[in-house]
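*Asks:* fold the following and give me the result.
(one chain, ligands or ions: 1)
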Amino acid sequence: MPARKAEGTAPLMTFDELYSGLEPAGRRFLDRVRAVNPKKDFGFRGNYLGGPDEGVSFKRIEEQWITKKGKSEKLDPQYLPEDVFEAFEKMMQAMERDLGKRLLVESGFRSHAYQLYTYLYYLPKHHYSLIETGHWVAFPGWSEHGAPRRQAIDFINQEGINGEDNVEEFERLPEYEWLQKNANRFGFELSYPRGKSGITFEPWHWRYSQPR
Ligand SMILES: [Zn+2]
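*Replies:* As a prediction, the model looks like this:
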């Protein structure tokens, strides 16, 4: 993981890499978490989206900067399937023309191994409850971030507002209002609207919904 982080390729990490540094007990633990079926076991209302598609080529997104309390901060490199990146870029050019600002990709594609890593990272913060953690981080295979055919993007604005601490703060952004009016034209839709999907409202999480 440190090597992947250093080269900015953490979202592309493989299961072999994730397992390689672990003792047998650690590997068995990962196996058990991967065997969980959140729909059957916890009544999770999303769907299993399958394994990552082979042969998808990804665009690496770099040089994304936010300015928070007067301090500039560079985001970690992110990855999107090339056609999704093109649609995103067109959409942001239109937003910039209308609002003079754009949104950045805080999180794009995440391999299943990286999704599992992220899930386990948050597990202690939710008192080791698989269900509680699952409200915030999807199980590998159940996230639109790991399914290039319905690739999701988590947006963050240029002031670093991503809704993580305060959902309404993101919901009040002019950028969010703009997305609601215009994103469909560019092939994007809001995955988890307020009170509709049975999954926590996530105004920052949009998926590319064009059939491909
Ligand atoms: Zn998301």
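
*Asks:* which strands and helices sit next to the helix or strand that contains Glu175?
*Replies:* Taking DSSP states H and E as the definition, one finds Glu175 inside helix 174-182. Contact here means 3 or more CB pairs under 8 Å, 6 or more residues apart in numbering; DSSP states H and E; on that basis helix 174-182 packs against helix 82-99, strand 152-157, strand 188-190. For the C-beta atoms, the positions are set from N, CA and C on the backbone; glycine is no exception.

*Asks:* adjacent strands (with direction) for the second one?
*Replies:* In the sheet containing strand 152-157, its partner strands are strand 103-107 (antiparallel), strand 205-208 (antiparallel), by DSSP bridges.

*Asks:* quick one: mean pLDDT for it?
*Replies:* With pLDDT averaged residue by residue, strand 152-157 scores 98.

*Asks:* now do that strand: distance to the chain's middle.
*Replies:* 7 Å (CA atoms, centre = their mean, to the nearest Å).

*Asks:* just want the angle from it to helix 82-99.
*Replies:* Per axes from the mean of the first three to the mean of the last three CA atoms, to 10 degrees, the angle that strand 152-157 makes with helix 82-99 is 30 degrees.

*Asks:* of all the residues in the next helix or strand after strand 152-157, which ones are buried?
*Replies:* Sequence order places helix 167-171 as the next helix or strand after strand 152-157, per DSSP H and E. The neighbour-count check on helix 167-171 (16 or more other CB atoms under 10 Å) flags Phe170 as buried.
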